[in-house]
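**Q** this is a predicted model, with the sequence first.
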Amino acid sequence: MGVTRLEFIKGALVSIGFGAFGGRRLFAAPLGWKHGGQPNLVFGVLSDTHLRTGVKSENPGANWPDRYFAAALDYFRFRNVDAVVHCGDFAHRGQTREMEFHAEAWRWVFGARGGPVKLFVTGNHDADGATYGDFVENRYPDPVERAKHVLATDMAANWERIWGEKYAPVWHKEVKGYHFFGRNWGVDYRDFAGLVNNSAVPCGLDAGTRPFFVLQHRRPYAELRKALSSHGNAVSFFGHNHWSASNWNVISLYGAFPCIQCPSCEPRGCTALTWDGYISKAPLEGREPEKVGKGRQGFVVKLYDDMMVIERHDFTDGVASIGTDWVMPLGQRPHPFSKGELKKVIGEPQFRKGAKLEVSLDRIDKINKIAKTANDNPVNPVNLVQENPASPKLCVRIPLADGHPGSRVYAYEVVVIGEEGSGKLFKAVYAAGCNMGIGHEPNKGVTTLEIPNSELPPGKTLVIAARPLTSLGTSGRPIITDFKV
């Protein structure tokens, strides 16, 4: 007895992991997910702002504008933060003027009184930026003159002049009873580990569950992670990679030592989407910045007696949330930032009730008109017309899966099923605007996947299904449609 069409579709979807006719429960948030009291400490976190000067002149405004950096600072002021963390790469080309842009934005937002506590570390572009390419060398051919414009010529003097505070290769600051340790670029990790370890007893770092923070530009090296992991309440913030905070994989756990990648807030945005293998078995398409969004992001961190809460924000167009908060209850085991525990709280994105796929087949032949001028004669041009029929494409338009507000969609998996026994095609695509603030997705969040006709399985009627995914690979229920070719 042959299988019915419905049974065939169901079997085909289940065979690749689609829970087509069911779906797992939505994970409940842990106790204390929303804290009702006032936090003990609030601080903002930024990294990789990369402001740079104009190419040909000492113009008063940054060639890469300070708009997003200033927007983030203004929001931090609105939130009345106690401190601001910057994990390095202020100056794109290692120039003093580029660091000055940041200080000018700081004074513009916080005024002459100084503002929150500065918890700043330098990055490779601050300390080595003058060696990147030949920009600075060409701009200042004379070595003596060039040295006047390079931060690293005298980082201590430049830092004190620009920021009004002493520069130290490694430093320790206490803010409202919480301890922060910073390592500037190029400092031996053993000096940093020594500072933290020597501070453990006098600062009471290992007393209770109160976290303390280690700040540097790159992810802690294995040796440093090993040295610091003996302190069960250490938390690391670092930058450098420009990875988007839309992706929960930026949280790494080494034993009980969480390392949190800070996103970029530079004008070009944090467009480094990665960890595809954690999200889908199919290669992810549609990662172009104009599709996923550029993202100029940062954190607001709130500390309570019993938990740390990290808010994720995008500053591209006003201030918009990237998604639900990351919450680390203190002293909990297994660690709340382990991948297994994070999967329990990231939830499952869902389509809205009644959501439908829109499918069409592009059969339009496109004509490329190539105009050429014989002998470069603008008076009597010779126009050549070349016809290149475009290969037909199946266009699948996926509505935004925002039916579960507590779990934001990050990507979609799509399966196209042909006639019985003819095979199936498996695709994955980033969700439109997944790197932007919620409500700022382009085209109302509709994601378009184009599939060349040559890749489609044979059959006069195709079955197409799409399911939403989070950045940790948890998935919601699919929506399905038939399409006659």
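**A** Structure received.
**Q** mind checking the longest helix of this protein?
**A** helix 96-110 (DSSP state H).
**Q** ok, and what's touching the next helix or strand after that one?
**A** Later in the chain than helix 96-110, the nearest helix or strand by DSSP states H and E is strand 117-120. Applying C-beta atoms under 8 Å, 6 or more residues apart in numbering, the contact partners of strand 117-120 are 43, 82-86, 88, 90, 163, 165, 173, 175, 180, 182, 215. For every residue, glycine as well, the C-beta is placed using N, CA and C.
**Q** now, these that are in strands?
**A** Among the contacts of strand 117-120, DSSP state E puts 43, 83-86, 173, 175, 180, 182, 215 in strands.
**Q** now the buried members of these.
**A** With burial judged by 16 or more other C-beta atoms under 10 Å, the buried subset of those is 43, 83-86, 175, 180, 182, 215.
**Q** pick out the most distant pair among those.
**A** Pairwise distances across those peak at 14.4 Å for 86 and 175 (criterion: C-beta to C-beta).
**Q** would you list every one of the helices in the chain?
**A** Using DSSP H, helices in the chain cover 5-15, 67-78, 96-110, 124-128, 135-139, 143-148, 155-163, 189-199, 222-228, 276-279, 289-292, 339-346.
**Q** quick one: closest of those to residue 453.
**A** Across those, closest to residue 453 is helix 5-15 (C-beta to C-beta), at 20.3 Å.
**Q** pLDDT of stretch 474-484, averaged?
**A** In this model, stretch 474-484 has a mean pLDDT of 94.
**Q** buried sites along it?
**A** 474-480, 483.
**Q** lowest average confidence, helix or strand, in the chain?
**A** strand 367-372 (a mean of 34; mean pLDDT, DSSP states H and E).
**Q** where does the protein have low pLDDT?
**A** 1-17, 19-36, 54-63, 133, 363-391, 421 (pLDDT under 70).
**Q** what residues go with each domain of it?
**A** 5-27+350-365+391-484, 41-346 (automatic domain parsing).
**Q** ok, back up a step: check which helices and strands the longest helix of the chain is in contact with.
**A** With contacts taken as 3 or more C-beta pairs under 8 Å, 6 or more residues apart in numbering; DSSP states H and E, helix 96-110 sits against helix 67-78, helix 155-163.
**Q** list the helices and strands the longest one packs on?
**A** Using 3+ C-beta pairs under 8 Å, 6+ apart as the contact definition, the elements that helix 67-78 packs against are strand 41-46, helix 96-110, strand 297-303.
**Q** apply 7 Å and report the result again.
**A** strand 41-46, helix 96-110 (3 or more C-beta pairs under 7 Å, 6 or more residues apart in numbering; DSSP states H and E).
**Q** export it as PDB, just CAs?
**A** Output of helix 67-78 as PDB, limited to C-alpha atoms (Å, rounded to 0.1, in the frame of the first residue of the first chain):
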ATOM      1  CA  ARG A  67      27.400  59.400  15.600                       C
ATOM      2  CA  TYR A  68      27.100  55.800  16.900                       C
ATOM      3  CA  PHE A  69      29.600  56.200  19.700                       C
ATOM      4  CA  ALA A  70      28.000  59.400  20.800                       C
ATOM      5  CA  ALA A  71      24.500  57.800  20.600                       C
ATOM      6  CA  ALA A  72      25.700  55.000  22.900                       C
ATOM      7  CA  LEU A  73      27.200  57.400  25.400                       C
ATOM      8  CA  ASP A  74      24.000  59.500  25.300                       C
ATOM      9  CA  TYR A  75      22.000  56.400  26.100                       C
ATOM     10  CA  PHE A  76      24.400  55.400  28.900                       C
ATOM     11  CA  ARG A  77      23.900  58.900  30.300                       C
ATOM     12  CA  PHE A  78      20.100  58.500  30.100                       C
END
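**Q** go through it and flag the buried ones.
**A** For helix 67-78, using 16+ other C-beta under 10 Å, the buried residues are 68-77.
**Q** which of the helices and strands packed on helix 67-78 sits closest to residue 352?
**A** strand 41-46 (33.2 Å).
**Q** neighbouring strands - and their directions - for the closest one?
**A** strand 83-86 (parallel), strand 297-303 (antiparallel) (DSSP bridges).
**Q** could those go into a markdown table alongside distance to residue 136?
**A** Output for the strands paired with strand 41-46, formatted as a markdown table (distance: least, C-beta to C-beta, whole Å):
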| stretch | distance to residue 136 |
| --- | --- |
| strand 83-86 | 22 |
| strand 297-303 | 28 |
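**Q** out of these, nearest to residue 157?
**A** Of the strands paired with strand 41-46, nearest to residue 157 by C-beta to C-beta is strand 83-86, at 19.7 Å.
**Q** now residue 232: closest residue in space that isn't a chain neighbour?
**A** In this structure, residue 232 finds its nearest non-sequential neighbour in residue 256, 4.8 Å apart by C-beta to C-beta, 6 or more residues apart in numbering.
**Q** ok, residue 238 touching residue 219?
**A** Yes: if you go by C-beta atoms under 7 Å, residue 238 and residue 219 touch, sitting 5.2 Å apart.
**Q** neighbour count for the two, which is higher?
**A** Shown here are residue 238 and residue 219; by other C-beta atoms under 10 Å, residue 238 has more neighbours (23 against 18).
**Q** wait, what's in contact with that one?
**A** 87, 216-219, 259, 261-262 (C-beta atoms under 7 Å, 6 or more residues apart in numbering).
**Q** again, only this time at 6 Å
**A** 87, 216, 218-219 (C-beta atoms under 6 Å, 6 or more residues apart in numbering).
**Q** for residue 258, see how far away it is.
**A** 11 Å (C-beta to C-beta, to the nearest Å).
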